[in-house]
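Asker: everything below, folded, please.
(2 chains)
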Amino acid sequence: MSRSPGRKQENHKISRELFVLTYGALVAQLCKDYEKDEDVNACLDRMGYSIGIRLIDDFLARSAVKKCRSYSETADMIAQVAFKMYLGVTPSVSCSSATGNEFSLILDKNPLVDFVEELPAERASLCYCNLLCGVIRGALEMVHLAAEVSFLQDRLKGDAVTEIGITFLRKPEDRKHRRNK
Amino acid sequence: MDARFTRGKSPVLERALGRPRSELSLAAFALLFSELVQYCQRRVASVAELQTRLARLGHHVGLRALDALVARERPGRRETKVLGVLLFVKGPLWRALFGREADKLEQANDDDRTFYVIEREPLVNTFVSVPRENSSLNCAAFAAGLLEAVLGAAGFPARVSAHWHKGTTLMIKFDEAVIARDKSLEGR
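Answerer: Purely as a prediction, here's the structure:
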């Protein structure tokens, strides 16, 4: 490698515009290749999953966070550390179920839609940022937390905010059981 | 435009075009780019086709990056000379998109239509490992497509291709008309 070892510690940054426009180019290409919105959404989710399973390594290496002891800690970590690190925004977290395993991240500002005004008429059910759902799902799976992640509200579809819902699938009793062993 | 949802009040259109507010981590872009390359690779049958697909995606990015950038960096002025636009590409454009200027800008000795933008390690290839001896694939084809779109939209139609030479070289070949126009501008 031509780079000196010291440089590896730097946090290399890239311009937000390049990232956002590249994502837009990807979605546009997918829309050209697939006719149905569901196919595009599924493809984005799959790609997000492959990104997530690798992103978690980078996240754990750079953030050096301790192990999360509860689902709400995990959700907070995703919102306050991970989103901040990779997208530069901090969504707010709210717990939406009594059992404590359903959370939603409410995104005020979504950098991925910086240049998107609205969805075209023939793509009304496209989840433009579905990649994010796949990323979260993949990353959680690599730390042994199965979850379902999907968009509950989307500003591009006319809702007031963009909301991502995370539902952790394993029951809290299982986690307690493991700890008691 | 059919503004069904935003009813013409989309916040995107109201926002001023200020300095880019934040930078994002290279890891995120690198992973996204790798997915992009893998996606293209699944749908093509040859290296040349893969490079064409990457160039097309870069084209998509370049077209949209140019307007915002020109408005920020060169307000009220438009590059009309070939050398001017090439220096703009090497400096402000590369810095805004890739965080640093391109290493070198050279002109071919024998051909006044051909220029080279040389980078030892292009940003898009940071985590791409392609053995140079075995494959002619250079993912900087993405950057080549980007550059082609930028030059075309700025009024200097050209063909840009990526090559393995002194690192990565983007070879820009302007159309005849562009060079002829440039010469007549110099004559004035």
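
Asker: any idea how far B:Phe33 is from the residue nearest to A:Arg170 when sequence neighbours are not counted?
Answerer: Spatially, and ignoring its direct neighbours in sequence, A:Arg170 is nearest to A:Ala146 (6.0 Å; CB to CB, 6 or more residues apart in numbering or on different chains). Just so you know, the C-beta spots here come from the backbone N, C-alpha and C atoms, and that holds for glycine as well. Using CB to CB, to the nearest Å, A:Ala146 is found at 28 Å from B:Phe33.

Asker: returning to that earlier point: and the residue nearest to A:Arg170, how many neighbours?
Answerer: By other CB atoms under 10 Å in any protein chain shown, the residues close to A:Ala146 number 11.

Asker: can you check A:Cys133 too?
Answerer: A:Cys133 has 24 neighbouring residues, counting by other CB under 10 Å.

Asker: contacts only, for it.
Answerer: A:Asp45, A:Gly48, A:Cys127, A:Val149, A:Ser150, A:Phe151, A:Ile164 (CB atoms under 8 Å, 6 or more residues apart in numbering or on different chains).

Asker: closest to B:Phe115 among those residues?
Answerer: Proximity of the contacts of A:Cys133 to B:Phe115 was ranked by CB to CB; the top entry is A:Gly48 with 38.7 Å.

Asker: thought that closest one was touching A:Leu140?
Answerer: No. Contact between A:Gly48 and A:Leu140 fails when scored by CB atoms under 8 Å: they sit 11.9 Å apart.

Asker: was I right to think B:Arg74 contacts B:Phe88?
Answerer: Yes. The criterion here is CB under 8 Å, and B:Arg74 meets it with B:Phe88 at 7.1 Å.

Asker: which one of the two has more residues nearby?
Answerer: B:Phe88 (19 against 13).

Asker: surely the more buried one is in a helix?
Answerer: Yes. With DSSP: H, G, I helix; E, B strand; the rest coil as the criterion, B:Phe88 is located in a helix.

Asker: how close does it sit to chain A?
Answerer: Distance, B:Phe88 to chain A, by CB to the nearest CB, to the nearest Å: 16 Å.

Asker: in which helix or strand does the most centrally placed residue in chain A reside?
Answerer: The residue lying closest to the centre of chain A (CA atoms, centre = their mean) is A:Leu132, at 3.3 Å. Using DSSP states H and E, A:Leu132 maps to helix A:130-142.
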